[in-house]
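K.L.:
Sequence first, then the predicted structure, then my questions.
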Amino acid sequence: MTGRDLDSGFTDAEESPGLLLWQVTNRWQANIRRALEPHGLTHVQFVLLAALTWLGTEGPVTQKALADHAASDPMMTSQVLRVLEGRGLVERRPHPTDGRARALAVTDEGRALANRAVVAVEASDAAFFGALGEQTRAFAGALRQLKAASASTQQ
């Protein structure tokens, strides 16, 4: 497919890494939505719940630390945490060393749900990225490289 009326540097849409990333990301996210549906979680709810479960083993976790780890918008993180808290999956407790902050904690129910859901998500990922075969590790490495490079431009 060529864009004769589009002033693009590409002669074919399939040459654009941005477009390809957009297309693949949309398909991957659709697979993740299907995997999470039986668990009653949206993708962002799962990411924050799983990240908090992961981080919570290292001590108190602030909302900022969670948002930074998940690379999520702080306002959206706050909104999603309210939903998870309302469902009894997350608690906000006084921070043990910072009187201004609240420490986030996963409840037993939240931890159990995160552990059930991560199995479904990892199975979905394995099926989706399985098309790459032995290139999966190299692809993950390229994603880490892009993540690191884009982090420096976000500051």
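P.N.:
Yep, that arrived.

K.L.:
hang on, Arg111 packs against Thr53?
P.N.:
Yes: at 5.5 Å, Arg111 counts as touching Thr53 under the criterion of Cβ atoms under 8 Å. No exception for glycine: its C-beta is placed from N, CA and C like everyone else's.

K.L.:
So these two - more neighbours on which side?
P.N.:
Thr53 (22 against 17; other Cβ atoms under 10 Å).

K.L.:
For this structure, which segments are assigned as strands?
P.N.:
All strands of the chain, identified by DSSP state E, fall at 90-94, 102-106.

K.L.:
Tell me the helices and strands packed up against the first one.
P.N.:
Going back to what we said before, that points to strand 90-94. helix 74-86, strand 102-106 (3 or more Cβ pairs under 8 Å, 6 or more residues apart in numbering; DSSP states H and E).

K.L.:
what's the angle between that strand and strand 102-106?
P.N.:
Put simply, strand 90-94 runs at 150 degrees to strand 102-106, going by axes from the mean of the first three to the mean of the last three Cα atoms, to 10 degrees.

K.L.:
So what are the sheet partners of strand 90-94 and their directions?
P.N.:
strand 102-106 (antiparallel) (DSSP bridges).

K.L.:
what's the partner strand in contact with?
P.N.:
The contact list for strand 102-106 (Cβ atoms under 8 Å, 6 or more residues apart in numbering) reads 49, 52-53, 56, 60-63, 66, 81, 89-96, 114.

K.L.:
Which members of those are classed as buried?
P.N.:
49, 52-53, 56, 60-63, 66, 81, 89-90, 114 (16 or more other Cβ atoms under 10 Å).

K.L.:
Dump those residues to a markdown table, plus pLDDT and distance to Ala140.
P.N.:
Below are those laid out as a markdown table (pLDDT from 0 to 100; distance: Cβ to Cβ, whole Å):
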| residue | pLDDT | distance to Ala140 |
| --- | --- | --- |
| Leu49 | 98 | 22 |
| Leu52 | 97 | 23 |
| Thr53 | 96 | 21 |
| Gly56 | 84 | 24 |
| Pro60 | 86 | 30 |
| Val61 | 93 | 25 |
| Thr62 | 92 | 28 |
| Gln63 | 92 | 28 |
| Leu66 | 95 | 22 |
| Leu81 | 97 | 28 |
| Leu89 | 98 | 28 |
| Val90 | 97 | 28 |
| Ala114 | 98 | 22 |
